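J.: Kindly return the folded structure for what I paste below:
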Amino acid sequence: MVSPNLIKKSESFLNVSPGTKKLFQLVYGQKKKGEIQFDDDDTPRIHVSRIVSRLSFFYEKIRQAVDYDDDHLLRKNATKRILKRYIFIEGVVMDYDSEDISLKLLTELIQAGYLPNNRVPEVKIHEVALLLDKYIKLRDYFKRNYAPNFDLSGRETEEKKRLNDWIMTLAATEIEENLGHDDVKQLIVANIFEALQRVIKMPPDLPYQNDLEIQIYLSICRNYLKLDHEMLSYFVFKYYNNWEEATETDIAQVAVNLKAIQAATEYQLKHPLIKQIDKIVRRYTLYYTILFEVISDNPTKSYENAVSNTKAFVSSIREKCSKTYFKVKNKLWMAGVRSIIYILLTKSVFVVALEVPMIKFFGEPVNPVSLAVNISFPAVLLFIMILFTKTPDNKNTDKIIEGIKEITFVENKKTQPIVLRRPTRRGSIINVFFNLVYSAAFLLVIYWLIKLLTFVRFNWVSITIFLFFLMFVSFFSFRIKRDVKQYVITDERETLLGFIFDLFYMPIVAVGKFMSDNISKINVFVFALDFIIETPFKVIVGIIEEWTKYLKERKEDLG
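T.: Got it, this is the predicted structure:
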């Protein structure tokens with residue numbers, strides 16, 4: 001494999017930009033490194049029992065099944081959960097020891113399958129302990145210097161809990177940043193930030209000049225790294241504080257101002273410019289995603305094409321786009337089929353366990369037709385929504401190619417600035433009117449659905465359950481189509497039929513989102529697992545782990 005650094009380019013061809021050249025080199029270096037097999041046996045690594053790992057892995061899979069989050073966020077969530085248990089529950093009866101908590105945390109993450117067994121170097125215990133130490137001190141300072149101001153009643157008690165929870169969120173996110181560090185992703189984030197900081201401009205009459213830099217960075221984290229609200233709050237927290245090298249004095253100062261810092265953070269996470277900047281960042285995220293995939297396939301060949309054969313380079317992008325569209329559509333169908341099977345099974349159980357008993361309890365007649373419709377309709381609706389999901393077309397691919405050429409070649413660098421506009425602020429009367437229209441459209445759909453269901457002899461219990469699943473599955477189908485939509489950068493063609501559909505269907509999706517968000521907040525299964533099952537389970541796992549170590553020591557003594 002020839003290094004891209006050694007390839008001489010002809011002056012007659014386009015020049016690769018410095019940031020993109022670094023990306024070629026980094027991907028090439030990592031691919032080259034991956035081809036070399038090595039195992040440094042002299043490096044002490046954290047090892048856990050395979051028996052214990054199986055138990056913990058099985059438990060974590062159950063825990064994930066009731067968690068409403070994306071796969072790439074699960075380790076962060078597990079870290080926060082573990083820290084809460086050690087600091088909030090066990091910390092009540094014992095002193096904190098950051099090294100001890102770090103070891104237990106990493107051990108549990110390995111046991112649960114979030115980190116590879118016998119691969120994490122023991123030096124990582126000290127690294128994570130140093131991070132933890134800052135947050136343990138922050139919490140202690142907060143309790144001593146700030147928490148006494150609370151009277152521990154009503155709203156103030158809730159506020160204290162919220163700030164304590166935020167400290168755990170920050171700790172879990174910084175640990176996740178340490179454990180999941182990816183040089184390529186960090187370089188891409190830096191490249192996108194550099195490009196957008198140069199081209200996004202703000203009119204002087206907008207009062208957000210000081211917020212532009214952090215808003216661009218947050219948008220990249222939100223759209224490219226797919227970070228959630230909790231993780232984004234950590235980056236704003238770092239932006240406002242000298243946290244990575246925080247001294248004892250810095251930590252104490254943050255504790256005193258924690259409430260104000262948290263309020264400033266929330267302001268940035270709900271900033272008026274978010275929608276505008278997100279729309280721009282999504283395009284650049286897609287450009288770099290496709291470019292990275294092209295480079296990863298063959299770093300040397302793609303670099304040679306970039307510096308000496310632009311036509312071949314463009315062809316490779318077009319081919320990658322086609323393969324990506326096909327793969328994403330297949331992924332959508334696979335997710336859809338699994339979801340349809342899951343909905344059919346759970347809905348059948350729901351009908352037998354709840355709907356039929358409720359109908360009988362209220363003295364209503366059992367209608368086999370309504371039961372059959374309630375079982376099948378959510379799955380049929382999801383199937384139809386997926387069936388009519390279109391993959392991106394050639395026009396979309398052409399735009400992606402133009403965007404990749406812009407970020408790859410110096411000659412194609414964007415010179416025309418992207419000027420942000422003042423966020424739309426409708427008058428209160430217009431807002432009230434639009435909200436009334438939106439609500440009226442929703443109520444009209446519900447009214448005619450109830451009329452239709454009553455006509456086919458649905459009783460009120462079956463109607464209620466039908467509407468509940470209609471809204472829930474509508475939002476669910478909307479979410480699972482995100483994988484396709486993230487590859488679309490062309491504007492959707494507006495039609496009268498589409499306008500009517502959005503007018504009457506989007507309110508249903510919006511109510512489904514509201515229901516989904518609130519159901520996830522009162523997830524009884526999550527509460528039971530976190531506070532009733534997990535602590536004793538982890539104690540048993542710990543005993544088994546220590547017993548296996550004891551047996552191993554005894555065996556070595558005999559040998």
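J.: which residues in the stretch 251-400 of the chain form helices?
T.: 258-269, 274-297, 299-308, 310-350, 356-361, 368-387, 394-408 (DSSP state H, counting those that start in this stretch).
J.: Please spell out the segments of the stretch 151-300 of the chain that come in under the pLDDT threshold.
T.: Judged by pLDDT under 70, the stretch 151-300 of the chain has its weakly predicted residues at 151-156.
J.: All the strands of it, in order from the start?
T.: With DSSP state E, counting those that start in this stretch, the ranges of strands along the stretch 151-300 of the chain come out as 200-201.
J.: And residue 246, how far from residue 113?
T.: 32 Å (Cβ to Cβ, to the nearest Å). In short, each C-beta sits where N, CA and C put it, glycine included.
J.: Sorry, slip of the keys, the one I care about is residue 459.
T.: Distance, residue 459 to residue 113, by Cβ to Cβ: 46 Å.
J.: sorry, back to before: please work out which of the helices of the stretch 251-400 of the chain is packed deepest.
T.: Burial of those is given as mean neighbour count (mean count of other Cβ atoms under 10 Å); helix 299-308 ranks first at a mean of 21.
J.: Just the angle for it relative to helix 394-408, thanks.
T.: 80 degrees (axes from the mean of the first three to the mean of the last three Cα atoms, to 10 degrees).
J.: tell me which strands and helices helix 299-308 is in contact with?
T.: Secondary-structure packing of helix 299-308 (3 or more Cβ pairs under 8 Å, 6 or more residues apart in numbering; DSSP states H and E): helix 18-35, helix 274-297, helix 310-350.
J.: With distance to residue 452 added, can I get the ones you listed in TSV?
T.: Formatted as TSV, these follow (distance: least, Cβ to Cβ, whole Å):
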stretch	distance to residue 452
helix 18-35	56
helix 274-297	36
helix 310-350	20
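J.: and residue 445, which of the ones you listed is closest to it?
T.: With Cβ to Cβ as the criterion, residue 445 lies closest to helix 310-350 of these, at 21.2 Å.
J.: and the angle for the closest one with helix 394-408?
T.: Using the same axes, to 10 degrees: helix 310-350 against helix 394-408 is 120 degrees.
J.: So what's the model's average confidence on helix 310-350?
T.: Throughout helix 310-350, pLDDT has a mean value of 85.
J.: Can you classify residue 119 as helix, strand or coil?
T.: Assigned with DSSP: H, G, I helix; E, B strand; the rest coil, residue 119 falls in the coil class.
J.: Quick check: the closest residue to it other than its chain neighbours vs residue 194, distance?
T.: Using Cβ to Cβ, 6 or more residues apart in numbering and skipping residues adjacent in sequence, the residue nearest residue 119 is residue 45, 6.1 Å away. Separation of residue 45 from residue 194 (Cβ to Cβ): 37 Å.
J.: Bridge partners for the closest residue to residue 43 other than its chain neighbours, pull those for me.
T.: Leaving aside its chain neighbours, residue 43 sits nearest to residue 121 (5.4 Å; criterion: Cβ to Cβ, 6+ apart). Beta bridges link residue 121 to residue 45 when assigned by DSSP bridges.
J.: What number of residues are in the vicinity of residue 121?
T.: 13 (other Cβ atoms under 10 Å).
J.: who's in contact with it?
T.: Residue 121 makes contact with 43, 44, 45, 46, according to Cβ atoms under 8 Å, 6 or more residues apart in numbering.
J.: Can I get those in JSON lines including distance to residue 485?
T.: Shown next, in JSON lines, are those (distance: Cβ to Cβ, whole Å):
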{"residue": "43", "distance to residue 485": "44"}
{"residue": "44", "distance to residue 485": "46"}
{"residue": "45", "distance to residue 485": "42"}
{"residue": "46", "distance to residue 485": "40"}
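J.: Select only the buried ones of those residues in ChimeraX?
T.: The ChimeraX command for the buried members of the contacts of residue 121 (criterion: 16 or more other Cβ atoms under 10 Å) is given here:
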select :45,46
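J.: Would you check which pair of the contacts of residue 121 lies furthest apart?
T.: 43 and 46 (10.9 Å).
J.: Would you mind measuring from the residue nearest to residue 119 to residue 180?
T.: Distance from residue 45 to residue 180, counting by Cβ to Cβ: 18 Å.
J.: again with residue 343
T.: 32 Å.
J.: Contact partners for the residue nearest to residue 326 when sequence neighbours are not counted?
T.: Distances taken as Cβ to Cβ, 6+ apart put residue 391 closest to residue 326, at 7.7 Å, once the chain neighbours are dropped. Contacts for residue 391 (Cβ under 8 Å, 6+ apart) come out as 325, 326, 328, 329, 484.
J.: Dihedrals phi and psi, residue 391?
T.: phi -80, psi 160 (degrees, to the nearest 10).
J.: in stretch 499-518, what's buried?
T.: 503, 505, 507, 508, 509, 510, 511, 512, 513, 516.
J.: And those, which two are furthest apart?
T.: Going by Cβ to Cβ, the pair spanning the buried residues of stretch 499-518 furthest: 503 and 516, at 21.7 Å.
J.: Secondary structure element holding residue 516?
T.: Per DSSP states H and E, residue 516 falls inside helix 496-521.
J.: Remind me what that helix packs against, helices and strands.
T.: Looks like helix 496-521 contacts helix 428-455, helix 460-480 (3+ Cβ pairs under 8 Å, 6+ apart).
J.: right, and those helices - which one's nearest residue 165?
T.: The nearest among the helices and strands packed on helix 496-521, by Cβ to Cβ, is helix 460-480 at 25.4 Å.
J.: contacting residues around whichever helix or strand comes after that closest one?
T.: Using DSSP H and E, the helix or strand that follows helix 460-480 in sequence is helix 482-485. Under the criterion Cβ under 8 Å, 6+ apart, residues 328, 329, 331, 332, 335, 389, 390, 391, 392 lie in contact with helix 482-485.
J.: now do 7 Å
T.: 328, 329, 331, 332, 389, 391 (Cβ atoms under 7 Å, 6 or more residues apart in numbering).
J.: go on, stretch 191-205?
T.: Stretch 191-205 is contacted from outside by 19, 23, 208-209, 212-213, 216-217, 220, 224, 280-281, 284-285, 288, 407, 414, 417-420, using Cβ under 7 Å, 6+ apart.
J.: Turn the helices of the stretch 251-400 of the chain into a markdown table, columns for distance to residue 101.
T.: Formatted as a markdown table, the helices of the stretch 251-400 of the chain follow (distance: least, Cβ to Cβ, whole Å):
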| stretch | distance to residue 101 |
| --- | --- |
| helix 258-269 | 21 |
| helix 274-297 | 35 |
| helix 299-308 | 41 |
| helix 310-350 | 37 |
| helix 356-361 | 47 |
| helix 368-387 | 43 |
| helix 394-408 | 43 |
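J.: and of those helices, who's closest to residue 137?
T.: Between the helices of the stretch 251-400 of the chain, helix 258-269 lies closest to residue 137; by Cβ to Cβ that is 12.6 Å.
J.: re the thing from before, are any of the contacts of stretch 191-205 buried, and which?
T.: Of the contacts of stretch 191-205, these count as buried by 16+ other Cβ under 10 Å: 19, 23, 212, 216-217, 220, 224, 280-281, 284-285, 288, 407, 420.
J.: farthest-separated two in these?
T.: Comparing all pairs in the buried ones among the contacts of stretch 191-205 by Cβ to Cβ, the longest separation belongs to 23 and 420, at 27.3 Å.
J.: Next up, the contacts around residue 15.
T.: Counting by Cβ under 7 Å, 6+ apart, residue 15 makes contact with 409, 410, 411.
J.: How confident was the prediction at it?
T.: With respect to pLDDT, residue 15 scores 90.
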